[in-house]
Structure formats: C-alpha cells, structure tokens
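> Pasted the sequence and its predicted model underneath.
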Amino acid sequence: MTAGWFITFEGGEGSGKSTQAKRLADRLTAAGHDVTVTREPGGSPFAERLRAIILDPNLEKHSPLAEALLFASARADHLEQVIRPALAAGHVVICDRFSDSTRVYQGYAGRVEPRLLEALELIIVQQTKPDLTIVVDIPAEIGLARAALRLNAPAAQAPSERTAKQPRSLLADRFESRGLDFHKKLREGFLEIARLEPQRCVIVDGQRSPDDVAREVWAAVESRLFTEAR
Ligand SMILES: Nc1ncnc2c1ncn2[C@@H]1O[C@H](COP(=O)(O)OP(=O)(O)OP(=O)(O)O)[C@@H](O)[C@H]1O
Ligand SMILES: [Mg+2]
C-alpha cells in the first residue's frame, strides 16, 4: 500500500498532457501537497538515457520486442528510483505517460503481442498501478498540427546549428513522425482502455482551452482521489 497518490496523463501526441501535468502540479503544490512530476519514457537518469535511444529519429530498423524491452527496462528503473520512493514519502506523483502508452503504441497500434506487454506490465509495474489516469482526448489531426506548430516554434538555435541527431522540439521523434492512420489508432486505443477501466480512467476533452481542460482535470482529481478515504 502506498502513502501518496499516483496520477498519470495519457493520450496522443500534442493532446496537452505535458501542459496539464504541469498545471495540475502547480495547483496541488499551491494546495500544500508534495508533488513529484515525472515523465516516460525516462524520469530517472538511467531511463532518460534509454529515452534518447528509444526516441532517436535516426534509429536503425530494430525488433519491436527489443524496443518494448527497452521501455520496460526504463520503466523498471523509473519506478524503483523515482516513483516508488516518492509515493512512499507521501507525494502526489504525476507521470506524463505511463504503461497505457506502452499498451497503445507498442500493442494496440504497434507490432508487439498484447499478451507479452501484459506480462511485462505485471512484472514491472506490480502494485504500483496509477490511482487515476487522465486520458486527454483529441482528434489525431489536431494533436499532430499542435505538435508540428511546436516543432516550428522559434528554436533556441539557428537552423544552421541543427543536426539530424537532435531530439524533439527541433525534430519530430520516431513516433510523432508516423502517419495519420497510426495516430488515429492511438486515439482509439486510449479510448478503449478508458472504456475498459472506468474506475481508474477519466477522459477529458483536449480540444477545449487549457483553462477548461485544467478545470476538468481538477474536478476529476477532487472527486476521484480526495474524497476517497484511504
Ligand atoms: N487546450 C489547448 N488548446 C490549444 N493548444 C494547446 C492546448 N493544450 C496544449 N496546447 C499546445 O499544444 C502543444 C502541445 O501541448 P503539450 O506539449 O502539452 O502536449 P503533449 O500531449 O504533451 O504532447 P506530446 O505527446 O508530443 O508530448 C503545445 O504547444 C501547447 O502549448
Ligand atoms: Mg508532452
């Protein structure tokens, strides 16, 4: 049994997960909670090293299972080094993507047998399941357009300094650069998980203004977590 709360944000590219994770963290901090904000893939020094490999747009063709094992390895370290200690210390842990992204990207829309991913999830996540998962839902076209705008935003470096090796914010990562059909499938996958696990998941409409989405997220946190006796 953990002492804190574990909240994850899930959803497609550009849906507003990172924006909302930060807003929720600020609001919880202002309300006096200890908050740890983290992300996947990554979140611990070792897992961030794996993230750089996993998202490298120049990666050679490789085995989908090998890739899933890298995600699993990163998650095992992230849980051990960051998430579980923070929960044990009573923090609200907010994680920008977690195991639902694996289920959807590698399983539902990807090429790894869902039963293999289920087995990995059991081994790695164990009892550290999210108390609440916010699925930020948005049509794939809109999310991709937002992500593209972000890529084209004034960069910190002059174009001449950019290299093909630079990761996101200057270049789309390997998943962002997949086609529209892939992203439509991702959306379906997240909605399907939310439908199958309504106790854990809340869907929020990511097309509304950031303020409106944040209000909906806060309502979910209040009603799902803070009214529950533990
Ligand atoms: N509700 C919103 N309305 C309009 N634009 C938004 C909204 N929320 C976020 N944005 C903008 O859309 C872009 C993507 O938002 P954000 O980075 O939060 O999405 P994300 O889900 O974390 O994306 P990714 O999956 O690529 O990490 C950003 O430029 C952000 O400022
Ligand atoms: Mg993000």
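Nice, thanks for sending it over. Since the structure is predicted, the reported quantities are computational estimates derived from the model, not experimental observations. Ligands and ions are numbered 1, 2, ... in the order given.
> Check which helix or strand residue 141 maps to.
helix 140-152 (DSSP states H and E).
> who does the lengthiest helix in the chain touch, helix- and strand-wise?
If you go by DSSP state H, the chain has its longest helix at helix 180-196. Using 3 or more Cβ pairs under 8 Å, 6 or more residues apart in numbering; DSSP states H and E, the elements in contact with helix 180-196 are strand 132-137, helix 140-152, strand 201-205. Yep, even glycine has a C-beta here, placed from its N, CA and C like the rest.
> Pull out the buried residues from the worst-scoring helix or strand of the chain on mean pLDDT.
None of the helices or strands of the chain scores lower by mean pLDDT, DSSP states H and E than helix 140-152, at a mean of 89. The neighbour-count check on helix 140-152 (16 or more other Cβ atoms under 10 Å) flags 140, 143, 144, 146, 147 as buried.
> what does stretch 51-62 give?
51, 54, 55, 57.
> for ligand 1, what are the nearby residues on the protein?
Counting by Cβ under 6 Å from any ligand atom, the chain comes close to ligand 1 at 11, 13-19, 146-147, 149-150, 206, 209-210, 213.
> Are any of the residues you listed buried, and if so which?
Those of the residues of the chain next to ligand 1 that meet the buried threshold are 11, 13, 14, 15, 16, 17, 18, 19, 146, 147, 206, 213, by 16+ other Cβ under 10 Å.
> Just put those in TSV and tack on secondary structure.
As requested, these are exported to TSV (DSSP: H, G, I helix; E, B strand; the rest coil):
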residue	secondary structure
11	coil
13	coil
14	coil
15	coil
16	coil
17	helix
18	helix
19	helix
146	helix
147	helix
206	coil
213	helix
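> Give the other helices and strands that the least confident helix or strand of the chain contacts.
Packing contacts for helix 140-152, counted by 3+ Cβ pairs under 8 Å, 6+ apart, involve helix 180-196.
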